[in-house]
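>>> Only the shape, not the letters, is given here:
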Ligand SMILES: Nc1nc2c(ncn2[C@@H]2O[C@H](COP(=O)(O)OP(=O)(O)OP(=O)(O)O)[C@@H](O)[C@H]2O)c(=O)[nH]1
Ligand SMILES: [Mg+2]
């Protein structure tokens, strides 16, 4: 069924597809709830249980339910279908309001805009770096350089170099076990020499060696600031959507060690836990800027609150004309 009363902006098909599991899981039941014949106490109880089950988080759910109750009363609504648009709008505004800190992105041609990519092992950092490099290159025609700052594993360096060849982006790398600060130094020099617009630095994600990690990141930061004082202009925390509340706790631990400016939420395509986006923004207070929608180089999409919330509720229908 197509929810006609939704205002729909431009459709983002990749996002919509990657939210399919989430949409067909809990959110399908939320939609069914809005097809009931009346709004009663059961309606709110069931909605509360569903939203909590969707990994949206207890606080956020309470807030959404309270606002929905109040607005339904104020407007004298009786039909659940009428309440759905209120929920949609509240979900969008909640995602927007939860962002306490949004850095304005200023890119200057020829001055390296440094993106430091951090996150726990296996969340998709290296893949996201390749996608992000391609995004800057393809969408904005920017010169991009990538630095293999995860020197801990030989395979990590090889993986990045392979991506570099595929997307035609230079990768600055040293031997496994070498100093990530030295890699960052060389990468900065290369970036200046080639008048690169964007430099993306990979890092190791070993949370258990917290002190080392903090030292490493601190050193990289000092190195890049020598020639570009406000670098890294973006500190991107990568979070795997599959990891749910546990992943969120790890991400929060990370955010305590490093000042994060943005989040990339990966593997949305393989999960039914897309609702975690709400918990993330609330817990960290920084925006989700990108969504990972698959393993390929073009599977990265900029985050939009409207498209995201609509993706939780809509199914694209064959032959449907976008409005
Ligand atoms: N389906 C899907 N898979 C992804 C996505 N992003 C990354 N992956 C996969 O997740 C796995 C781990 O990705 P990496 O990029 O190596 O993760 P990492 O954080 O660099 O891992 P470490 O270097 O070991 O810390 C790979 O198999 C990727 O193909 C995504 O958005 N969707
Ligand atoms: Mg990696």
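Looks like it came in fine. Keep in mind that what you see is a predicted model, and the values were worked out from it rather than measured. Numbering: from 1, shown residues only. Ligands and ions are numbered 1, 2, ... in the order given.

>>> Next, give phi and psi for the closest residue to ligand 2 within the stretch 151-300 of the chain.
Nearest residue of the stretch 151-300 of the chain to ligand 2, counting by Cβ to the ion: residue 156, 4.7 Å away. Every C-beta, even on glycine, is put in place using the N, C-alpha and C of the backbone. Torsion angles at residue 156 (phi, psi; degrees, to the nearest 10) stand at phi -70, psi -40.

>>> Which residues of this protein lie near ligand 2?
Residues of the chain lying near ligand 2 by Cβ under 5 Å from the ion: 125, 126, 156.

>>> What is the nearest of those residues to residue 106?
Proximity of the residues of the chain next to ligand 2 to residue 106 (Cβ to Cβ) peaks at residue 125, which lies at 24.1 Å.

>>> tell me the pLDDT at that closest one?
Listed pLDDT for residue 125 reads 96.

>>> give me every residue that touches it.
Shown in contact with residue 125 (Cβ atoms under 8 Å, 6 or more residues apart in numbering): 117, 118, 119, 150, 202, 203, 205, 238.

>>> helix or strand for residue 31, which one?
Taking DSSP states H and E as the criterion, residue 31 maps to helix 28-33.

>>> What residues sit buried inside that helix?
Across helix 28-33, burial judged by 16 or more other Cβ atoms under 10 Å covers 30, 31, 33.

>>> got it, and stretch 255-266?
For stretch 255-266, by 16+ other Cβ under 10 Å, it's 255, 258, 260, 261, 262, 263, 264, 265, 266.

>>> give me the number of residues near residue 195?
Per other Cβ atoms under 10 Å, the neighbour tally for residue 195 reads 11.

>>> Do a quick rundown of the helices in this structure.
Here the chain has its helices, by DSSP state H, at 13-18, 20-22, 28-33, 41-53, 58-75, 80-97, 125-140, 154-167, 180-193, 210-225, 244-257, 276-284, 305-313.

>>> Those helices: which one's closest to residue 294?
helix 13-18 (7.0 Å).

>>> Show me the contact partners of the closest one.
Residues outside helix 13-18 that contact it (Cβ under 8 Å, 6+ apart) are 268-269, 291, 293-294, 299, 301, 307-308, 310-311, 314, 316.

>>> got a list of what the residue of the chain at minimum distance from ligand 2 touches?
Relative to ligand 2, the nearest point of the chain is residue 126 (3.4 Å; Cβ to the ion). Applying Cβ under 8 Å, 6+ apart, one finds that residue 126 lies in contact with 150, 156, 159, 160, 163, 202.

>>> I'd like those written out as TSV, with pLDDT, neighbour count and distance to residue 96 added.
Below are these laid out as TSV (pLDDT from 0 to 100; neighbours: other Cβ atoms under 10 Å; distance: Cβ to Cβ, whole Å):
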residue	pLDDT	neighbour count	distance to residue 96
150	92	27	33
156	90	21	35
159	95	18	35
160	96	26	34
163	97	21	33
202	96	28	30
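
>>> Near ligand 1, list only the ones from these.
The residues of the contacts of residue 126 that also fall near ligand 1, by Cβ under 6 Å from any ligand atom, are 150, 156.

>>> which of the contacts of residue 126 sit farthest apart?
Pairwise distances across the contacts of residue 126 peak at 12.7 Å for 150 and 163 (criterion: Cβ to Cβ).

>>> from the buried residues of stretch 255-266, which single one is nearest residue 186?
Ranked by distance to residue 186 (Cβ to Cβ), those are led by residue 258 at 21.8 Å.

>>> before we move on, back to that, with distance to residue 134 as extra columns, can I get the contacts of residue 125 in JSON lines?
Converted to JSON lines, these look like this (distance: Cβ to Cβ, whole Å):
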{"residue": "117", "distance to residue 134": "14"}
{"residue": "118", "distance to residue 134": "20"}
{"residue": "119", "distance to residue 134": "19"}
{"residue": "150", "distance to residue 134": "19"}
{"residue": "202", "distance to residue 134": "15"}
{"residue": "203", "distance to residue 134": "19"}
{"residue": "205", "distance to residue 134": "22"}
{"residue": "238", "distance to residue 134": "16"}
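
>>> Give me the neighbour count for residue 141.
Using other Cβ under 10 Å, residue 141 has 8 neighbouring residues.

>>> dump the residue contacts of the nearest residue to residue 87 once chain neighbours are set aside.
Using Cβ to Cβ, 6 or more residues apart in numbering and skipping residues adjacent in sequence, the residue nearest residue 87 is residue 68, 5.8 Å away. The contact partners of residue 68, taken as Cβ under 8 Å, 6+ apart, are 44, 47, 83, 86, 87, 90.

>>> List the contacts of the nearest residue to residue 171 once chain neighbours are set aside.
Nearest residue to residue 171 in three dimensions, chain neighbours excluded: residue 164, at 3.6 Å (Cβ to Cβ, 6+ apart). By Cβ under 8 Å, 6+ apart, residue 164 lies in contact with 130, 146, 170, 171.

>>> Let me see the contact set for the last one.
Same thing as residue 171. 145, 146, 147, 148, 160, 161, 163, 164.

>>> Tell me which residues of stretch 212-229 come out buried.
Buried residues in stretch 212-229, counting neighbours by 16+ other Cβ under 10 Å, are found at 213, 216, 217, 219, 220, 221, 223, 224, 228.
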